[in-house]
Structures are given as structure tokens and as C-alpha cells.
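[1] quick one, what's the 3D model for this:
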Amino acid sequence: MGSIIDQRHDIVEKAVTQRPDAVVDVTILLWERLAVELISLIGEEGFQSLYTRSGHLNSVTFPWLLLDHITQSSDSRFAGLQISLENREPAEASEASKALLITFVDILALLIGDLLTASILRSAWIDDTLHIVVKGIQK
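    Reported below is the predicted structural model:
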């Protein structure tokens, strides 16, 4: 079995790539579920700070990745990310999505530890081994 870092990265990889035909929808759902879990622990500002930092660290590789809200009328905190990913080929969108989530969970693990991070990821994503995420996309 690999290191805990490898395990976290595998969770992200499996989560993002479970539906290659719907990578954008899956990505947004993963972020929404992660936000719900984390905001209750670290608050909206804490979540936004980690999210922004993750985007900044990935901006060299993916300069087109926008994380801000695109319009005031959008209800989604991930509207910028969604539009950015929709404007890319699925393979590139998938790579950017994985990189952003991996960066985010790695920073989170540095701040709160591996065990709590793993618990948060399980709570957010892994009920029934990611089947919840797939079902949410199919509705």
C-alpha cells in the first residue's frame, strides 16, 4: 500500500475520472461536496483562502483556470471554474481538475493533518465508493 499522500492523490484521481464524459459536472459536484464539509469546520473565508491559494499554485500550468465568480447572477461559488473547464478539451479539463484538487487537499493536509483530511474526503466523496457522485451527475 502506498503512502497516505499517494492514497489521497488516488482518491482525487478516481473521483475526477470516474465519468470522463462528464468531467466538468463531476468536478463541480466534488468541489461543492468538499466545500460543505470544510466550511462547517473552517468557515467560508478559510475555504476560499485555500481554494484561491490552490488556484494560484496551479496558474503556471493552467493560466486559463479562473476560480472567481464570473457573473453576479451565479449562485455557484465555482462558476468561474466551471466555465474555465467547459472551454477546454475533456483531457485538459480533467488534468486541471485533478491538479487543483490535489493541491487543495495537500495544503489542507499540511494544515490539519493527514487523518482529518482523509476523514473529510471520505465524508465528502466516498460514501458508497464514489457512487453518490455519479448518481448526482446522472439526475
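[2] quick one: Phe104 from Glu89, how far?
    Here Phe104 is placed at a distance of 23 Å from Glu89 (CB to CB, to the nearest Å). (Each C-beta comes from the backbone N, C-alpha and C, glycine too.)
[3] counting neighbours, go ahead and name the busier of the two.
    Counting neighbours by other CB atoms under 10 Å for Phe104 and for Glu89 shows that Phe104 has the greater number, 22 against 9.
[4] let me know the helix or strand that the more buried one is in.
    In this structure, Phe104 sits in helix 90-112 according to DSSP states H and E.
[5] show residues contacting that helix.
    4-5, 8-9, 12-13, 15-17, 20-21, 23-24, 27, 30-31, 34, 38, 50-51, 53-55, 57-58, 61-62, 65, 81, 84-86, 88, 117, 120-121 (CB atoms under 8 Å, 6 or more residues apart in numbering).
[6] quick one: average pLDDT of stretch 67-74?
    Along stretch 67-74, the predicted local confidence has a mean pLDDT of 55.
[7] off-centre distance for the top helix by length along the chain?
    For the chain, the longest helix by residue count, based on DSSP state H, is helix 23-58. Going by CA atoms, centre = their mean, to the nearest Å, the spacing between the C-alpha centre of helix 23-58 and its chain's C-alpha centre is 6 Å.
[8] what packs against the helix or strand just after it?
    Heading C-terminal from helix 23-58, the first helix or strand you meet, by DSSP H and E, is helix 79-86. Using 3 or more CB pairs under 8 Å, 6 or more residues apart in numbering; DSSP states H and E as the contact criterion, the secondary-structure elements in contact with helix 79-86 are helix 23-58, helix 90-112.
[9] so which of these gets nearest Arg77?
    Proximity of these to Arg77 was assessed by CB to CB; the nearest stretch is helix 23-58, lying at 6.7 Å.
[10] can you pull out the low-pLDDT segments for this protein?
    Per-residue confidence of the chain (counting by pLDDT under 70) places the weak regions at 1-2, 69-75, 127-139.
[11] hmm, try it at 50
    Judged against pLDDT under 50, the low-scoring parts of the chain cover residues 70-74, 128-129, 132-139.
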